[in-house]
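> What follows is a protein structure lacking sequence information:
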């Protein structure tokens with residue numbers, strides 16, 4: 001369940017299988033931070049840097065792996081083709097890797113493969129090796145599916161807790177795709193801030209540019225390193241601005257197979273609820289009428305609108321406000337809003 005444990009697990013599998021390196025790869029979304037053994041880290045970085053993940057000749061073996069077959073490079077290429085292949089010559093041969101075997105498994109509906117690499121000294125994977133490695137497939141599927149379920153439950157708990165305090169939140173993966181939103185966020189989305197095709201879209205062009213830059217940072221920053229992200233101010237035409245902040249996702253929620261990378265908090269997306277007038281009255285020794293007025297003003301309501309809502313004259317509202325100022329020690333309405341909002 002611990003994402004960090006996979007490196008050690010793959011080291012153990014390599015020792016048992018007579019291999020030198022291992023990588024976990026997803027069939028359709030491959031990113032540079034894929035779990036791998038330390039032995040192949042440099043070659044993996046080169047693999048992604050030069051975009052070999054988009055043209056790997058072994059990728060055509062994925063359907064066979066997902067059908068339950070352990071596939072080697074010799075199952076999809078001849079020895080002559082391997083010796084002449086540009087990817088092998090650029091990425092694998094310089095680091096001593098010559099032979100490959102892939103074990104397909106599922107993480108819920110997502111197709112993955114555990115790929116093993118052997119050196120020339122260790123030799124190619126033979127029929128008996130493939131039979132033994134095939135026994136790993138159901139165990140990998142069980143583990144990956146369970147890890148995904150637990151990770152998703154953890155994400156749900158995180159966003160639901162924020163929902164209880166009316167804090168809009170959503171979780172994204174490394175590619176910026178939205179994995180989950182809470183109800184507070186769903187209630188606040190509109191034409192200016194919304195989810196479209198599983199991506200957060202902002203009408204504020206400047207904010208959208210900054211958000212795209214943030215996603216680029218998320219995509220390129222290793223999981224173990226904190227993302228140095230500043231808050232993003234999102235301006236709206238008829239509503240107060242929203243502040244977007246990024247928080248890290250840790251523990252089981254950062255499951256290798258779920259892909260959660262960060263949580264986005266959207267402050268001020270939905271109207272702030274009025275503080276409890278009873279609580280305001282107790283805190284500042286206000287009368288019931290004064291506390292009701294203070295509660296309305298804390299939501300951004302003007303003194304005229306508050307008077308109309310409470311069905312009192314503007315003069316009565318102003319008199320209440322003078323008394324509130326005297327009892328709370330503030331001198332301006334903005335100071336009162338700040339003070340009372342802290343009780344919300």
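Arrived safely, thanks for sending. Quick caveat, the model's predicted, so the values are computed rather than measured.

> so where do the strands sit in the stretch 51-200 of the chain?
Here the stretch 51-200 of the chain has its strands, by DSSP state E, counting those that start in this stretch, at 71-72, 97-107, 110-119, 169-173, 178-181, 193-196, 199-202.

> how about the ones you listed in CSV, adding distance to residue 144 and mean pLDDT?
(Glycine included, C-beta is placed from N, CA and C.) Formatted as CSV, the strands of the stretch 51-200 of the chain follow (distance: least, Cβ to Cβ, whole Å; pLDDT from 0 to 100):
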stretch, distance to residue 144, mean pLDDT
strand 71-72, 18, 96
strand 97-107, 4, 95
strand 110-119, 6, 94
strand 169-173, 16, 94
strand 178-181, 16, 93
strand 193-196, 27, 96
strand 199-202, 25, 97
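
> what residues are up against the closest residue to residue 169 other than its chain neighbours?
Spatially, and ignoring its direct neighbours in sequence, residue 169 is nearest to residue 162 (4.5 Å; Cβ to Cβ, 6 or more residues apart in numbering). Shown in contact with residue 162 (Cβ atoms under 8 Å, 6 or more residues apart in numbering): 168-169, 182, 184, 265.

> In those residues, which residue is surrounded by the most others?
The most crowded member of those, judged by other Cβ atoms under 10 Å, is residue 168 (26 neighbours).

> Now do the contacts for that residue.
Residues near residue 168 by Cβ under 8 Å, 6+ apart: 162, 181-182, 184-185, 187-188, 265-267, 269-270.

> Can you flag which of these belong to helices?
Among these, the ones falling in helices (DSSP state H) are 162, 184-185, 187-188.

> Residue 266 bridge partners, please.
On the basis of DSSP bridges, residue 266 is bridged to residue 244.

> Give me the neighbour count for it.
23.

> Tell me how far it lies from residue 218.
16 Å (Cβ to Cβ, to the nearest Å).

> now residue 86
For residue 86, the distance to residue 218 - Cβ to Cβ - is 31 Å.

> out of these two, which sits in the more crowded spot?
More crowded of residue 86 and residue 218, by other Cβ under 10 Å: residue 218, with 18 against 11.

> Within the helices and strands, which one has the more buried one?
Residue 218 belongs to helix 205-220 when assigned by DSSP states H and E.

> quick one: buried residues of that helix?
By neighbour count on 16 or more other Cβ atoms under 10 Å, the buried set for helix 205-220 is 207, 210-211, 214-215, 218.

> Show residues contacting the lowest-mean-pLDDT helix or strand in the chain.
Least confident helix or strand, the chain: helix 333-341 with a mean of 85, by mean pLDDT, DSSP states H and E. Contacts to helix 333-341, defined as Cβ under 8 Å, 6+ apart, come from residues 272, 275, 280, 294-295, 297-298, 300, 303, 321, 324-325, 328, 330.

> And that helix, how far out from the chain middle?
Put simply, helix 333-341 sits 35 Å off its chain's centre (Cα atoms, centre = their mean, to the nearest Å).

> what do you get for stretch 117-132?
Using Cα atoms, centre = their mean, the offset of stretch 117-132 from its chain centre is 37 Å.

> Start and end of that stretch, how far apart?
When the termini of stretch 117-132 are compared using Cα to Cα, to the nearest Å, they are 16 Å apart.

> Only the buried residues of it, if you could.
For stretch 117-132, the neighbour count (16+ other Cβ under 10 Å) marks 117-118, 122, 124-125, 129-130 as buried.

> OK, contacts around residue 291?
Going by Cβ under 8 Å, 6+ apart, the list of residues near residue 291 reads 277-278, 280-281, 284.

> likewise residue 229?
Residues near residue 229 by Cβ under 8 Å, 6+ apart: 214, 217, 245-246.

> Format the residues you listed as JSON lines; extra columns: pLDDT and distance to residue 90.
Listed next are these as JSON lines, based on pLDDT from 0 to 100; distance: Cβ to Cβ, whole Å:
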{"residue": "214", "pLDDT": "94", "distance to residue 90": "32"}
{"residue": "217", "pLDDT": "89", "distance to residue 90": "28"}
{"residue": "245", "pLDDT": "96", "distance to residue 90": "41"}
{"residue": "246", "pLDDT": "94", "distance to residue 90": "36"}
